[in-house]
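Participant: how does the following fold in three dimensions:
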Amino acid sequence: MSLHFGVLADRTAHNAYGHLVEVLRGRRLVALTGAGISTESGIPDYRGGGTARRARNPIQHSQFVSDAATRRHYWARSVVGWPRMRGAKPNDGHAALAELERAGVVSGVITQNVDRLHSRAGSVGVVELHGALQEVRCLDCAAIEDRDELQARLAALNPGWHHRDAEVAPDGDAELADTASFEVAACVHCGGTLMPNVVFFGGSVPRPVVDSAWSLLDRADALLVTGTSLAVFSGYRFVRKAAQRQLPIAIVNLGPTRGDDLANVRIEKPCGKCLADLARDLLE
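Facilitator: Okay, here's the model as predicted:
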């Protein structure tokens, strides 16, 4: 009986994938991606299989802006976590979307990720809804500094700190408890307060970024959602708008999503292999 249901499951998955290709073939796509596309690159997510084990409360925007102790705690952990985040490489899923963009099938990528792996894979039309950890912004003068440059300054202020051994967390920092002795670097231009150029929980996506994302959707004939549960409204709104416009919606994700009821087809598979197969079949 287990064999029977195993075969049935395989056939169901095969039929769903065939439907995915059928829904998307011949259409100009915009991709909406989340953390699930980067887990195969070694970057953990907030809602994947290991989430319960490493459950934690993410830093809130208001906490970071108003509380020096919160900022010290973040940067102390970030110094340890950054090398692994920086060293992550694009996987087959990122490469497939870049290939589809070069072929004119994908008009662009709207991503909730802050790892910049889409750009490193070769995608050009990328809208980073939540910013990128590669950049650091001064809250006082708005100057932008490269994260690698800040890493060197933080390491000089805290010798040996970056060599600590700790589990990397979903937001690019690491699990450290004692951070009271860490010294935080200031803006090199004005001595102001530095913040990663990302949207923390409770923060708002800048209007120009949202407008760029809407522009991508305006040029699309279908929406391909991959690697996100759509729990955060900043991404879910694009699924709702696509449904309102009666655009076909395809979802590739491990686990349920907030947009499942709006999708024309849904695939329960890891993003990398499925997107690589999709690129091959759409371009044949």
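
Participant: which stretches of the stretch 1-150 of the chain have low pLDDT?
Facilitator: Applying pLDDT under 70 to the stretch 1-150 of the chain flags residues 1-14, 46-57.

Participant: now with 90, please.
Facilitator: By pLDDT under 90, the weakly predicted segments of the stretch 1-150 of the chain are 1-15, 44-59, 81, 84.

Participant: quick one: the strands in it?
Facilitator: 29-33, 106-111, 126-128, 131-138, 144-146 (DSSP state E, counting those that start in this stretch).

Participant: format the ones you listed as TSV; extra columns: distance to residue 199 and mean neighbour count.
Facilitator: C-beta: built from backbone N, CA, C; applies to glycine. Below are these laid out as TSV (distance: least, Cβ to Cβ, whole Å; neighbours: other Cβ atoms under 10 Å):
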stretch	distance to residue 199	mean neighbour count
strand 29-33	16	28
strand 106-111	12	26
strand 126-128	9	23
strand 131-138	6	20
strand 144-146	15	13
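
Participant: residue 76 contacts residue 185, doesn't it?
Facilitator: No - applying Cβ atoms under 8 Å, one finds residue 76 not in contact with residue 185, separated by 11.5 Å.

Participant: spatially nearest residue to the residue minimising distance to the centre of the chain (excluding sequence neighbours)?
Facilitator: Among the residues of the chain, the one closest to the centroid is residue 113, at 1.8 Å (Cα atoms, centre = their mean). When the adjacent residues along the chain are set aside, residue 113 lies closest to residue 38, with 5.7 Å between them (Cβ to Cβ, 6 or more residues apart in numbering).

Participant: surely the one you found meets residue 116?
Facilitator: No - here residue 38 does not reach residue 116: they are 10.2 Å apart, not a contact under Cβ under 8 Å.

Participant: and the helices in the stretch 1-150 of the chain?
Facilitator: Secondary structure of the stretch 1-150 of the chain (DSSP state H, counting those that start in this stretch): helices located at 2-24, 61-66, 68-87, 92-102, 117-121, 147-157.

Participant: state the distance from residue 198 to residue 178.
Facilitator: 25 Å (Cβ to Cβ, to the nearest Å).

Participant: quick revisit: more neighbours: which of residue 38 and residue 116?
Facilitator: residue 38 (28 against 21; other Cβ atoms under 10 Å).

Participant: give me the more crowded residue out of residue 198 and residue 178.
Facilitator: residue 198 (20 against 8).

Participant: isn't the more buried one up against residue 114?
Facilitator: Yes - Residue 198 lies in contact with residue 114 (Cβ under 8 Å); the separation is 4.8 Å.

Participant: can you pull the contacts of the nearest residue to residue 256 once chain neighbours are set aside?
Facilitator: Leaving aside its sequence neighbours, residue 256 sits nearest to residue 229 (Cβ to Cβ, 6+ apart; 7.1 Å). The contact partners of residue 229, taken as Cβ atoms under 8 Å, 6 or more residues apart in numbering, are 34, 36, 47, 253, 255, 256, 257, 258.
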